[in-house]
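# Next input, structure requested:
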Amino acid sequence: MKKIVVIVGILALALATISSCKKGSQGKRSFLPNVTGRAGEVLVVLPRDLKNDTITGTFRSILGDDYPFLPQSEPMFDMIFVPSENFGDIFRSHRNIVYTKVDKSVTKSQITVQRDVWASPQTVISFSSPTWDSLRLFVMEQKETFIKYLEQAERDRIVQNAMQYEATGTREFLKKKFGVSLYLPKGYRINLDTTNFAWISHETPEISQGVLVYEFPYTDANTFTSEYLVERRNEFVGKFIPGPTNGSYMITSTFFPPQYTPLMYKNRYFGQIRGLWDVHKHPMGGPYISLVTLDEAKNRIIVVEGFVYAPGKQKRNYLRQLEAVLFTFAFEKPENDK
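Next up is the predicted model:
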């Protein structure tokens, strides 16, 4: 009887282990522990005596740059300094780790990225150089690459979560209405479904994260400009996103002109717009980001947008979440073409 109990216990433990297996940074199954730390945190490991040195200041300056187009200043990332002498197991499960190595045996400064070293989904970025002075200069030279690695790591985690815990029915709705796909996490609901326009949002008593999808014919060679796209945006949101009082509605803020950036993503041209939104005749506002692309097959412009309303709260992480899910955008082929 005892043998049976032992065998059953072993089988239960094995099944529990298998069921706890999750996807890591590369989308593969991982048996590593979950990462720790808050979204947007970066743990920087340096010798204790360099806490007030220029190299620490360099990392703090880069990570502390303003996140673009937020109503209030917020850093790109929140830096946590950890002395290398104390870098033990309690810290090794952190989501984003920056490690440094300075040794005369290093012949060339390098930056390397590793995934899921001690936890999952984890990113470990290592800088190596012969001296601290050369390391500091190299970190400055690699600033854009460094930030891109961290941005991608945060985006991948958000997308992985959205795909694993997907909102019921939203992707199927967008496929049917627009012939496009977006992965939205649980909690998102369809607010409005009208001609050429849809509004989907995640609402709590304190914040609102909205996703807009709309389309219009491609008739103007100057479509991909900030001026034209903001004009079209105002037409749609002014008509379909009402404010809380009579005669109020969403508009694009003119206090800071929106920023247009062309980019290639998945071999497709997009116009990316970052800006701020207001409500006409009411004190409300927040940040937004739009991705705009041309559907050549149907000669139409498709816009996917995310906006945040979070009065009195930091907005960086909410907007970063929306930006990540917008980049899951894809055109869906008709069933008979698959």
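# burial measure for E151, as a count.
Close neighbours of E151, defined as other C-beta atoms under 10 Å, add up to 15. For every residue, glycine as well, the C-beta is placed using N, CA and C.
# right, and E332 touches S181 too?
Yes. Judged on C-beta atoms under 8 Å, E332 makes contact with S181 at a distance of 5.2 Å.
# Can you report phi and psi for the spatially closest residue to S253 that is not a sequence neighbour?
Spatial nearest neighbour of S253, excluding adjacent residues (C-beta to C-beta, 6 or more residues apart in numbering): L276 at 3.9 Å. When read as degrees, to the nearest 10, the backbone of L276 gives phi -120, psi 150.
# Check what pLDDT L276 gets.
We have a pLDDT of 98 for L276.
# Check Q160 too.
The model's pLDDT for Q160 equals 95.
# That one: how many residues sit nearby?
18.
# Ok, G88 next?
When neighbours are defined as other C-beta under 10 Å, G88 has 8 of them.
# distance of it from K177?
To K177, G88 is 52 Å away according to C-beta to C-beta, to the nearest Å.
# And for Y288?
21 Å.
# repeat for K298
K298 is 13 Å from K177, by C-beta to C-beta.
# quick one: common contacting residues for those two?
With contacts taken as C-beta atoms under 8 Å, 6 or more residues apart in numbering, K298 and K177 have no neighbour in common.
# The residue nearest to S253 is in contact with Q72, isn't it?
No. Using C-beta under 8 Å, L276 makes no contact with Q72, being 11.0 Å away.
# the more surrounded of the two?
Ranked by neighbour count (other C-beta under 10 Å), L276 and Q72 place L276 first, with 19 against 11.
# partner residues bridging the more buried one?
Beta bridges link L276 to P287, judged by DSSP bridges.
# Quickly note the distance from it to E172.
L276 is 32 Å from E172, by C-beta to C-beta.
# OK, contacts around T170?
L182, L184, Y188, I190, I200.
# rerun that using 10 Å as the cut-off
S181, L182, Y183, L184, P185, K186, Y188, R189, I190, A198, I200, V211 (C-beta atoms under 10 Å, 6 or more residues apart in numbering).
# Assumed the third one was part of a helix.
No. Y183 is assigned coil when assessed by DSSP: H, G, I helix; E, B strand; the rest coil, not a helix.
# Could you pull up the residues touching it?
Remark: with contacts taken as C-beta under 10 Å, 6+ apart, Y183 is in contact with 158-167, 170-171, 324-325, 327-330.
# Mind checking which of those are in strands?
Among the contacts of Y183, the residues falling in strands (DSSP state E) are A330.
# Are any of the contacts of Y183 buried, and if so which?
The neighbour-count test (16 or more other C-beta atoms under 10 Å) applied to the contacts of Y183 identifies 158-163, 167, 170-171, 324-325, 327-329 as buried.
# now, which of the residues you listed sits nearest Q114?
Nearest to Q114, judged by C-beta to C-beta, of the buried ones among the contacts of Y183 is Q160 at 17.6 Å.
# Verify the stated contact: that closest one with E166.
No. In this structure, Q160 is not within contact of E166 by C-beta atoms under 10 Å, at 11.2 Å.
# Output the contacting helices and strands for the longest helix anywhere in the chain.
Longest helix in the chain, counting residues (DSSP state H): helix 143-164. Counting contacts by 3 or more C-beta pairs under 10 Å, 6 or more residues apart in numbering; DSSP states H and E, helix 143-164 packs against strand 22-23, strand 41-46, helix 54-63, strand 96-102, strand 110-115, strand 123-129, helix 316-326.
# Return the alpha-carbon coordinates of the fifth one using PDB.
I take that to be strand 110-115. What follows is strand 110-115, C-alpha atoms only, in PDB (Å, rounded to 0.1, in the frame of the first residue of the first chain):
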ATOM      1  CA  GLN A 110      31.600  44.100 -26.700                       C
ATOM      2  CA  ILE A 111      27.900  44.000 -26.000                       C
ATOM      3  CA  THR A 112      26.200  40.600 -25.800                       C
ATOM      4  CA  VAL A 113      22.600  39.500 -25.100                       C
ATOM      5  CA  GLN A 114      21.500  36.300 -23.500                       C
ATOM      6  CA  ARG A 115      18.000  35.000 -22.900                       C
END
